[in-house]
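Asker: generate a structure from the sequence data that follows.
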Amino acid sequence: MITVVLVTGIQIKSLAQSSVTGVPFIENTLDVRLKSLGNSFISFKGISGMHQVNPAGVGKKGDLNLYFTSRESFSDIRFYDFGASFKKEKLGWSVSSRIVPYPRQNSTSEGGEQSGSHKPLEFYQNASVSYELSKKWSIGFGLNYIHSDLASGAIVSEEEFKTGRALSADIGTIYNTSFSVADSWLIQTGFGISITDFGNLIKYTDNAEGDPLPMKFRTGLGLEAVYSGDWNGFKWIGMSSAVSLSKLLVALEYEENGSVKRFGPFQTIVKAWDVYKEQNPNNGEFTEYSLSEQFIYHAGVELTFFESFSFRMGYQNGQELNDFESLSSWGIGIDLYYLALDYMNSSHTSEDYKDQETLIGAEYLQLKGRIPLDGKSPKSLLRLLFD
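Answerer: So this is what the prediction gives:
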């Protein structure tokens with residue numbers, strides 16, 4: 001019983017709405033570039049982490065893109081995230097895996113006897129595709145398999161804990177348009193919208209009602225400006241910026257007997273736009289949040305020099321309900337085509353979490369690589385050094 005409580009307790013976060021959903025390990029965006037930009041880039045295509053926020057943006061033409069990142073959170077728990085993406089003509093695809101191996105736990109029966117050891121494991125497998133309906137309009141679809149083995153085999157109150165499994169889907173679209181300004185700047189604007197992790201309830205016992213997945217709605221606007229002047233074929237400067245908002249789609253009904261009724265994905269997507277009621281576990285009182293108070297607001301800007309060196313800044317505001325998600329961030333990137341390195345430093349802006357060590361309020365590195373598949377020598381600063 002102690003083992004079950006401890007391992008399950010690892011998953012509980014202080015984020016208000018997320019505490020009522022299952023498998024929170026799948027909720028956070030782990031791509032370092034996207035995180036350093038405040039998770040605002042919803043309407044851009046070809047970025048390696050787009051499968052996490054909008055499948056319509058996956059894949060970059062002509063290149064096989066690879067990435068790997070590892071994150072350590074509190075209690076020495078490490079997240080591993082890796083994947084690949086590619087785009088040929090109008091069709092793009094990506095595959096990725098997120099793995100969380102927890103420390104091995106000793107299992108204890110209800111009688112207090114040692115019954116062996118168990119190594120909890122969670123993983124999240126994603127496959128996404130994008131398709132260009134036209135030069136301006138793209139759509140995307142993703143399919144996810146969720147595996148959550150926290151305490152399988154343990155028996156509490158005559159209920160056997162099992163491995164939680166779920167399937168979920170992602171869907172999104174991006175609309176882009178471009179134009180020139182004074183023959184010196186190429187401007188591209190974009191609009192994106194997506195829903196991720198639309199799926200069934202996940203449960204760990206046969207008699208449990210189950211917990212909803214952290215289904216999320218996102219939408220945003222983006223702008224990219226690139227100066228036409230170049231040095232040895234490399235554009236001098238480019239700027240990308242975006243604003244967006246997101247909302248965790250959660251629907252709960254509190255019944256008179258004190259129980260909480262949860263809903264499947266189809267009912268949730270309809271009910272989640274109502275007033276959200278949060279119950280204080282200490283006194284049972286409710287606090288109501290209007291629809292506008294449930295949104296998280298995102299903004300980010302990136303400056304790129306010679307298509308190789310980037311400086312990024314981002315901000316997101318979770319408001320009172322999701323104050324844990326209020327963050328400021330900055331980052332840098334070095335892209336030499338074959339290898340790229342991204343760095344991010346993120347910190348909580350809320351006084352309640354400023355001094356706490358969390359998974360999202362920290363600094364991280366991410367390694368990325370590309371393989372050209374057209375047989376041509378790619379454009380890279382390394383080529384200038386060795387030619």
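
Asker: for the stretch 1-150 of the chain, what spans make up the strands?
Answerer: Along the stretch 1-150 of the chain, counting by DSSP state E, counting those that start in this stretch, strands occupy 63-72, 78-88, 91-101, 105-108, 114-118, 121-132, 137-149.

Asker: by contact count, what packs against the last one?
Answerer: Applying 3 or more Cβ pairs under 8 Å, 6 or more residues apart in numbering; DSSP states H and E, one finds that strand 137-149 makes contact with strand 121-132, strand 164-181, strand 185-199. Every residue, glycine included, has its C-beta placed from N, CA and C.

Asker: any chance of the ones you listed in CSV, plus mean pLDDT, mean neighbour count and distance to residue 38?
Answerer: Output for the helices and strands packed on strand 137-149, formatted as CSV (pLDDT from 0 to 100; neighbours: other Cβ atoms under 10 Å; distance: least, Cβ to Cβ, whole Å):
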stretch, mean pLDDT, mean neighbour count, distance to residue 38
strand 121-132, 96, 20, 22
strand 164-181, 95, 18, 18
strand 185-199, 96, 20, 15
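
Asker: closest one to residue 149 among the ones you listed?
Answerer: Among the helices and strands packed on strand 137-149, the nearest to residue 149 by Cβ to Cβ is strand 121-132 (5.1 Å).

Asker: that closest one vs strand 164-181, what angle?
Answerer: Counting by axes from the mean of the first three to the mean of the last three Cα atoms, to 10 degrees, strand 121-132 lies at 40 degrees to strand 164-181.

Asker: just checking: what are the partner strands of strand 121-132?
Answerer: strand 91-101 (antiparallel), strand 137-149 (antiparallel) (DSSP bridges).

Asker: avg pLDDT for stretch 62-70?
Answerer: The pLDDT scores in stretch 62-70 average 89.

Asker: can you list contacts of it?
Answerer: Here stretch 62-70 makes contact (Cβ atoms under 8 Å, 6 or more residues apart in numbering) with 30-32, 48-49, 78-87, 364-374, 378.

Asker: mark which of these are buried, thanks.
Answerer: 30-32, 48-49, 79, 81-83, 85-87, 364, 366, 368-370 (16 or more other Cβ atoms under 10 Å).

Asker: where does this structure have low pLDDT?
Answerer: Applying pLDDT under 70 to the chain flags residues 1-19, 73-75, 105-117, 258, 375-377, 384-387.

Asker: one more pass at 80, please.
Answerer: Where the chain drops to pLDDT under 80, the residues are 1-20, 71-76, 103-118, 153-154, 156-158, 183, 255-259, 279-284, 355-357, 373-387.

Asker: all strands of the stretch 201-350 of the chain, in order?
Answerer: Under DSSP E, counting those that start in this stretch, the stretch 201-350 of the chain gives strands at 216-227, 230-231, 234-235, 237-248, 252-254, 260-262, 276-279, 286-289, 296-305, 309-317, 327-335, 339-348.

Asker: switch these over to a markdown table, and while doing so, append mean neighbour count to every line.
Answerer: A markdown table is the format used below for the strands of the stretch 201-350 of the chain (neighbours: other Cβ atoms under 10 Å):
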| stretch | mean neighbour count |
| --- | --- |
| strand 216-227 | 19 |
| strand 230-231 | 11 |
| strand 234-235 | 15 |
| strand 237-248 | 20 |
| strand 252-254 | 14 |
| strand 260-262 | 13 |
| strand 276-279 | 16 |
| strand 286-289 | 12 |
| strand 296-305 | 20 |
| strand 309-317 | 20 |
| strand 327-335 | 19 |
| strand 339-348 | 19 |
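
Asker: before we move on, back to that, so which of the strands of the stretch 1-150 of the chain comes closest to residue 311?
Answerer: Per Cβ to Cβ, nearest to residue 311 of those: strand 63-72, 19.7 Å.

Asker: quick one: strands adjacent to the closest one?
Answerer: For strand 63-72, pairing defined by DSSP bridges yields strand 78-88 (antiparallel), strand 363-372 (antiparallel).

Asker: who's in contact with the last one?
Answerer: For strand 363-372, contacts defined as Cβ under 8 Å, 6+ apart pick out 31-33, 35, 48, 62-69, 71, 337-346, 378.

Asker: go again using 7 Å as the cut-off
Answerer: Applying Cβ atoms under 7 Å, 6 or more residues apart in numbering, the contact partners of strand 363-372 are 32, 48, 62-69, 71, 337-345, 378.

Asker: circling back: out of the strands of the stretch 201-350 of the chain, nearest to residue 99?
Answerer: Judging the strands of the stretch 201-350 of the chain by Cβ to Cβ, what sits closest to residue 99 is strand 339-348, at 20.1 Å.

Asker: which strands border the closest one, and is each parallel or antiparallel?
Answerer: Here, using DSSP bridges, strand 339-348 pairs with strand 327-335 (antiparallel), strand 363-372 (antiparallel).

Asker: and it with strand 309-317, angle?
Answerer: Using the same axes, to 10 degrees: strand 339-348 against strand 309-317 is 30 degrees.

Asker: would you put the C-alpha positions of strand 339-348 in PDB?
Answerer: Included here for strand 339-348 are C-alpha records, laid out as PDB according to Å, rounded to 0.1, in the frame of the first residue of the first chain:
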ATOM      1  CA  LEU A 339      24.100  18.900 -35.700                       C
ATOM      2  CA  ALA A 340      22.100  21.500 -33.800                       C
ATOM      3  CA  LEU A 341      22.200  22.300 -30.100                       C
ATOM      4  CA  ASP A 342      19.300  24.100 -28.300                       C
ATOM      5  CA  TYR A 343      19.500  25.500 -24.800                       C
ATOM      6  CA  MET A 344      16.700  26.800 -22.600                       C
ATOM      7  CA  ASN A 345      16.400  28.400 -19.200                       C
ATOM      8  CA  SER A 346      12.800  28.600 -17.800                       C
ATOM      9  CA  SER A 347      11.600  29.900 -14.400                       C
ATOM     10  CA  HIS A 348       8.300  30.300 -12.700                       C
END
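
Asker: need the contact partners of stretch 155-173.
Answerer: Stretch 155-173 is contacted from outside by 1, 4, 22, 54-56, 109-110, 128, 138-149, 151-154, 192-200, 202-205, 207, 213, using Cβ under 7 Å, 6+ apart.
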